[in-house]
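*Asks:* Using only what follows, build the 3D model:
(one chain, ligands or ions: 2)
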Amino acid sequence: MVIYLSGDLGAGKTTLVRGLLHALGYGGRVKSPTYTLIEPYDLPGLNLRHFDLYRFRDAEEWEAAGFRDEFDENNICLVEWPEQAAELLPLADLEIVFNILPDGRTLDLYAHTAAGKQCLTALHN
Ligand SMILES: Nc1ncnc2c1ncn2[C@@H]1O[C@H](COP(=O)(O)OP(=O)(O)OP(=O)(O)O)[C@@H](O)[C@H]1O
Ligand SMILES: [Mg+2]
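*Replies:* Ligands and ions are numbered 1, 2, ... in the order given. Okay, here's the model as predicted:
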């Protein structure tokens with residue numbers, strides 16, 4: 001599963017991942033992978049990978065850092081700043097677009113695959 005998190009600096013992308021992890025029962029610290037680019041979370045029955053590609057520059061690093069291998073059927077990959085590695089990333093199942101309002105945020109959710117559509121359907125029910 002690949003989920004793009006799109007929106008300006010400070011839009012709330014990391015905050016959403018933190019909330020998701022805590023909702024899944026993760027009790028540890030959730031720090032922004034600003035410098036490491038990836039933070040892995042292996043939870044019971046679920047492997048989550050949190051990417052922040054804001055500082056990603058070098059396409060050669062993609063392979064060398066093993067990022068390509070993270071996008072497999074076992075991982076849920078949440079990706080901040082996907083546009084920084086647009087030509088390297090697999091297409092998103094789900095895309096979440098954050099909009100900053102004076103008083104909070106709104107999110108637009110787009111499903112691009114059958115799996116993504118299933119998620120949106122589940123959210124509606
Ligand atoms: N839904 C929200 N309503 C109000 N404030 C929020 C909301 N979500 C996040 N914030 C606040 O906005 C700030 C930045 O949030 P966060 O770090 O999650 O942004 P980000 O989108 O990950 O930014 P970056 O692109 O720099 O990684 C934090 O102080 C957080 O508390
Ligand atoms: Mg962030």
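
*Asks:* how much space between Leu53 and His124?
*Replies:* 30 Å (CB to CB, to the nearest Å). For the C-beta atoms, the positions are set from N, CA and C on the backbone; glycine is no exception.

*Asks:* The two - which one has more neighbours?
*Replies:* Ranked by neighbour count (other CB atoms under 10 Å), Leu53 and His124 place Leu53 first, with 21 against 6.

*Asks:* Okay, the more buried one and Thr121: tell me how far apart.
*Replies:* For Leu53, the distance to Thr121 equals 29 Å [CB to CB].

*Asks:* Quick check: Leu24 vs ligand 1, distance?
*Replies:* Relative to ligand 1, Leu24 is positioned 17 Å away (CB to the nearest ligand atom, to the nearest Å).

*Asks:* Sorry, slip of the keys, the one I care about is Ser6.
*Replies:* For Ser6, the distance to ligand 1 - CB to the nearest ligand atom - is 9 Å.

*Asks:* shouldn't that residue be in contact with Phe98?
*Replies:* Yes: with contact defined as CB atoms under 8 Å, Ser6 reaches Phe98; the gap is 6.8 Å.

*Asks:* which residues do those two both contact?
*Replies:* Lys13 (CB atoms under 8 Å, 6 or more residues apart in numbering).

*Asks:* At the contact with ligand 1, which residues of this structure appear?
*Replies:* Within reach of ligand 1 by CB under 6 Å from any ligand atom, the chain has these residues: 7, 9-15, 32, 52, 80, 104-105.

*Asks:* From the residues you listed, list just the buried residues.
*Replies:* 7, 11-14, 32, 52, 80 (16 or more other CB atoms under 10 Å).

*Asks:* Need the CA coordinates for stretch 35-42. CSV is fine.
*Replies:* Listed in CSV are the C-alpha atoms of stretch 35-42, where the atom choice follows Å, rounded to 0.1, in the frame of the first residue of the first chain:
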residue,chain,number,x,y,z
TYR,A,35,17.1,13.8,7.9
THR,A,36,16.9,10.0,7.8
LEU,A,37,14.2,10.2,5.0
ILE,A,38,12.6,7.0,6.3
GLU,A,39,11.4,5.8,9.7
PRO,A,40,10.3,2.1,9.9
TYR,A,41,7.6,0.9,12.3
ASP,A,42,7.1,-2.9,12.6
